[in-house]
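J.: Following is a predicted model, sequence given first.
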Amino acid sequence: MSILESKVNQRSDNFRQNKQDMLEMLEQLETLHAEVEAGGGEEAMTRLRSRNKMPVRERIAMVLDPDSPFLEISPLAAWRSNFNVGSGFIVGIGVVAGIECLILGHDPSVRAGAFNPFNSKKLMRGLEIARENRLPYIQLVESAGADLRGEGGGDPEAAIMRETGHFGESGRLFYEITELSKLRIPTISVVFGASTAGGAYQPGMSDYNIFIKKQSKVFLGGPPLVKMATGEDADEESLGGADMHTTVSGLGDYLAEDEMDGIRICREVVSHLNWRKKGPEPNSQFSEPIHDDDDLLGLVSKDLKTPFDIREVINRITDGSEFEEFKPLYGPSLTCGWSQIHGFPVGILGNNGALFSECAEKAAQFIQLCNQIHVPLVFLHNITGYIVGTDFEQGGITKNGSKMINAVANSTVPHISVIVGASYGAGNYGMSGRAYGTRFTFTWPTAKIAVMGPKQMAGVMTIVQRAAAERRGLKFDEEADAKRAETAEYWAEERSKGLFATSRVSDDGMIDPRDTRIIIAMTLSACHNNQVEGTKEFGTWRM
């Protein structure tokens with residue numbers, strides 16, 4: 001393969017400004033991550049330790065193999081909501097006894113590990129990752145059940161309104177855990193404390209259950225609820241203690257002496273699973289990119305109207321900076337080609353502007369070719385959408401754009417998306433946005449995701465409302481519309497930011513650009529736990 005040369009001028013004013021802006025955004029991310037790691041705060045952490053309990057991140061660190069990485073999913077969920085940043089659950093992929101596993105941990109320092117709308121989405125996302133990529137599923141359980149505050153933060157009416165959607169997600173949890181077992185994907189629960197109501201069904205539906213003596217408590221209804229429902233005065237140990245469940249009810253399979261013993265047993269259970277990856281092994285003889293990944297900090301401007309060459313990203317994430325470009329002279333605003341990342345063969349699609357008919361045709365053909373040879377696809381988004389206008393419509397942009405979306409929707413090789421800049425409208429669909437069964441989606445701090453650009457959205461609304469006023473014979477209030485458009489553009493801008501999207505669990509996390517290569521490699525490794533198969537079956541295309 002050819003080595004992609006770099007034309008980046010690290011001394012230019014634009015590069016230096018972009019890098020400074022990116023470092024400031026990363027500093028904000030570090031502050032938010034520190035807030036997430038603090039859990040429920042110093043007082044709650046002190047209370048945990050006084051009960052000989054480890055914080056959830058220490059539990060996860062102990063269950064992982066020494067010095068192995070942990071890829072956390074949606075760590076900033078619930079930012080700018082009435083819930084703690086991070087939402088009280090930790091979900092991620094890590095290596096346990098040499099096996100990649102999906103790990104869920106309840107943080108008992110945050111509202112006693114209770115379920116809320118944000119961490120329910122994270123939990124369901126974790127189950128989806130485990131199912132699609134065939135990863136053993138480990139739950140570190142300690143949950144008080146549903147957080148009855150709802151997103152209204154204590155408003156009973158708001159809590160009831162939220163519960164309609166949240167109950168469906170938490171109820172689906174039971175189905176998903178059972179389905180993993182049906183698919184021969186092992187499920188393991190280590191119960192570290194009280195697991196009530198919905199939390200009780202997590203071990204209830206698991207293949208293996210590890211309880212901790214005088215610490216684990218599992219019951220559908222705790223003593224207060226039992227008293228209110230039946231009048232019975234029950235104590236926690238006889239109602240749902242670890243000794244009772246391992247000697248009387250049979251819910252528990254292993255009885256651990258303490259938390260570290262429970263973690264030891266969990267690792268032993270994973271080690272006996274006789275787990276084998278189904279996908280092909282990577283080429284272990286790979287080389288690092290020849291270009292400095294620190295340059296990724298200065299490529300993208302906060303003003304996404306400023307163009308940059310997506311090849312400058314590609315040559316900093318691929319093995320040896322090598323890239324075999326496909327149809328380089330046709331549809332040049334979309335770059336396609338083959339390479340390797342940490343020894344895994346990949347097909348890469350990256351935007352250098354809007355998608356034209358030629359780009360869409362090239363992409364559709366390239367996706368078909370990658371499916372024929374069972375090669376995963378990596379999508380690098382910087383896309384304002386498909387080109388619009390009379391000439392382009394007459395030239396078949398809707399028809400050819402539909403071919404590309406058809407190819408994306410029917411492709412069966414793993415898709416991994418990284419949104420480095422804009423990802424607007426149908427361009428998001430064509431580049432395998434989250435709605436298209438993408439295995440993993442990550443964003444850079446510069447990312448923006450929306451139906452269209454904020455300024456365009458406000459302008460479209462003005463045109464539509466002016467036309468509506470004319471049809472009714474009314475005078476259009478220009479001053480009021482200007483204020484409305486300004487407000488609409490502001491909120492559209494705020495909600496289009498990648499940080500807002502990641503806080504609503506619309507992707508798998510916002511990442512430091514310098515980590516792009518290793519994160520793609522980790523996700524490719526996870527994907528290869530399952531068979532990597534392409535398809536020749538596509539829907540009908542308008543030719």
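T.: Great, that's in hand. Numbers count the residues shown, from 1 in each chain.

J.: any weak-confidence spans in the chain?
T.: 148-170, 451-462, 464, 481-493 (pLDDT under 70).

J.: how about Ser206, secondary structure?
T.: coil (DSSP: H, G, I helix; E, B strand; the rest coil).

J.: how about it, what does it touch?
T.: Going by Cβ atoms under 8 Å, 6 or more residues apart in numbering, Ser206 touches Gln139, Ile177, Ser181, Thr187, Ile188, Ser189. Just so you know, the C-beta spots here come from the backbone N, C-alpha and C atoms, and that holds for glycine as well.

J.: ok, now with 7 Å
T.: Gln139, Ile177, Thr187, Ile188, Ser189 (Cβ atoms under 7 Å, 6 or more residues apart in numbering).

J.: Take these and lay them out in CSV including distance to Ser321 and neighbour count.
T.: Shown next, in CSV, are these (distance: Cβ to Cβ, whole Å; neighbours: other Cβ atoms under 10 Å):
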residue, distance to Ser321, neighbour count
Gln139, 41, 26
Ile177, 43, 23
Thr187, 41, 24
Ile188, 41, 25
Ser189, 44, 29
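
J.: now, the most widely separated pair of those residues?
T.: For the contacts of Ser206, the farthest-apart pair by Cβ to Cβ is Ile177 and Ile188; their separation is 10.7 Å.

J.: quick revisit: in helices only, show me the contacts of Ser206.
T.: Among the contacts of Ser206, the members found in helices (DSSP state H) are Ile177.

J.: tell me which of the contacts of Ser206 is nearest to Asp65?
T.: For the contacts of Ser206, the nearest to Asp65 is Ile188 (15.6 Å; Cβ to Cβ).

J.: Just to check, that closest one is in contact with Val141?
T.: No - here Ile188 does not reach Val141: they are 10.2 Å apart, not a contact under Cβ atoms under 7 Å.

J.: what about Lys403, which SS state?
T.: helix.

J.: Skipping its backbone neighbours, what lies nearest it in space?
T.: Leaving aside its sequence neighbours, Lys403 sits nearest to Ala364 (Cβ to Cβ, 6 or more residues apart in numbering; 4.4 Å).

J.: quick one: which helix or strand includes that neighbour?
T.: helix 357-372 (DSSP states H and E).

J.: Show me what that helix is packed against.
T.: Packing partners of helix 357-372 (3 or more Cβ pairs under 7 Å, 6 or more residues apart in numbering; DSSP states H and E): strand 334-341, strand 344-351, helix 397-410.

J.: Ok, which of the ones you listed comes nearest Leu127?
T.: Of all the helices and strands packed on helix 357-372, helix 397-410 comes closest under Cβ to Cβ, at 22.5 Å.

J.: Counting neighbours, which bits of the closest one end up buried?
T.: With burial defined by 16 or more other Cβ atoms under 10 Å, the residues of helix 397-410 counted as buried are Ile397, Asn400, Gly401, Ser402, Lys403, Met404, Ile405, Asn406, Ala407, Val408.

J.: then stretch 504-511 to PDB, C-alphas only?
T.: Provided in PDB are the C-alpha atoms of stretch 504-511 (Å, rounded to 0.1, in the frame of the first residue of the first chain):
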ATOM      1  CA  ARG A 504     -28.000  11.900  25.900                       C
ATOM      2  CA  VAL A 505     -26.300   8.500  25.100                       C
ATOM      3  CA  SER A 506     -26.600   9.200  21.400                       C
ATOM      4  CA  ASP A 507     -23.100   7.800  20.900                       C
ATOM      5  CA  ASP A 508     -20.600   5.700  22.800                       C
ATOM      6  CA  GLY A 509     -18.400   8.600  24.100                       C
ATOM      7  CA  MET A 510     -16.500  11.700  23.300                       C
ATOM      8  CA  ILE A 511     -12.800  11.000  22.900                       C
END
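
J.: residues making contact with that stretch?
T.: By Cβ under 7 Å, 6+ apart, stretch 504-511 touches 29, 72-77, 118, 121-122, 125, 434, 440-445, 498-499, 501-502, 519.

J.: What of stretch 106-115?
T.: By Cβ under 7 Å, 6+ apart, stretch 106-115 touches 39-40, 44-45, 48, 55-56, 84, 88-90, 140-147, 170, 193, 198.

J.: Give me the distance between the two termini of it.
T.: 9 Å (Cα to Cα, to the nearest Å).

J.: cool, and stretch 426-437?
T.: Using Cα to Cα, the two ends of stretch 426-437 sit 15 Å apart.

J.: Distance to Leu355 added to the buried residues of helix 397-410, as CSV?
T.: Shown next, in CSV, are the buried residues of helix 397-410 (distance: Cβ to Cβ, whole Å):
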residue, distance to Leu355
Ile397, 8
Asn400, 9
Gly401, 7
Ser402, 12
Lys403, 11
Met404, 7
Ile405, 10
Asn406, 14
Ala407, 13
Val408, 12
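
J.: With respect to Arg472, which of those is nearest?
T.: Among the buried residues of helix 397-410, and counting by Cβ to Cβ, the member closest to Arg472 is Ile397, at 33.5 Å.

J.: Report the contact partners of that closest one.
T.: Ser357, Tyr386, Ile387.

J.: Could you single out the nearest of those to Ile210?
T.: Tyr386 (51.9 Å).

J.: which one in this protein is furthest away from the centre?
T.: Using Cα atoms, centre = their mean, the residue of the chain lying farthest from its centre is Gly473. It sits 49.2 Å away.

J.: Quick check: it vs Lys214, distance?
T.: As judged by Cβ to Cβ, to the nearest Å, Gly473 and Lys214 stand 78 Å apart.

J.: Counting neighbours, what do you get for Val269?
T.: Using other Cβ atoms under 10 Å, Val269 is surrounded by 22 other residues.

J.: can you list contacts of stretch 180-190?
T.: With Cβ under 7 Å, 6+ apart as the criterion, stretch 180-190 contacts 130-131, 134, 136-141, 177, 202-203, 206-210, 262-263, 266, 269, 273.

J.: now the strands for the stretch 201-350 of the chain?
T.: Listed in chain order, the strands of the stretch 201-350 of the chain (DSSP state E, counting those that start in this stretch) span residues 208-212, 217-219, 254-256, 324-326, 334-341, 344-351.

J.: Any idea which of those gets closest to Glu24?
T.: Nearest to Glu24, of those and by Cβ to Cβ, is strand 344-351 at 25.0 Å.

J.: how far off helix 357-372 does the closest one point, in degrees?
T.: The directions of strand 344-351 and helix 357-372 differ by 170 degrees, with axes from the mean of the first three to the mean of the last three Cα atoms, to 10 degrees as the criterion.

J.: Now strand 344-351: buried residues?
T.: So strand 344-351, judged by 16+ other Cβ under 10 Å, has buried residues Phe344, Pro345, Val346, Gly347, Ile348, Leu349, Gly350, Asn351.

J.: And that strand, what does it pack against?
T.: Counting by 3+ Cβ pairs under 7 Å, 6+ apart, strand 344-351 packs on helix 311-314, strand 334-341, helix 357-372, strand 377-383.
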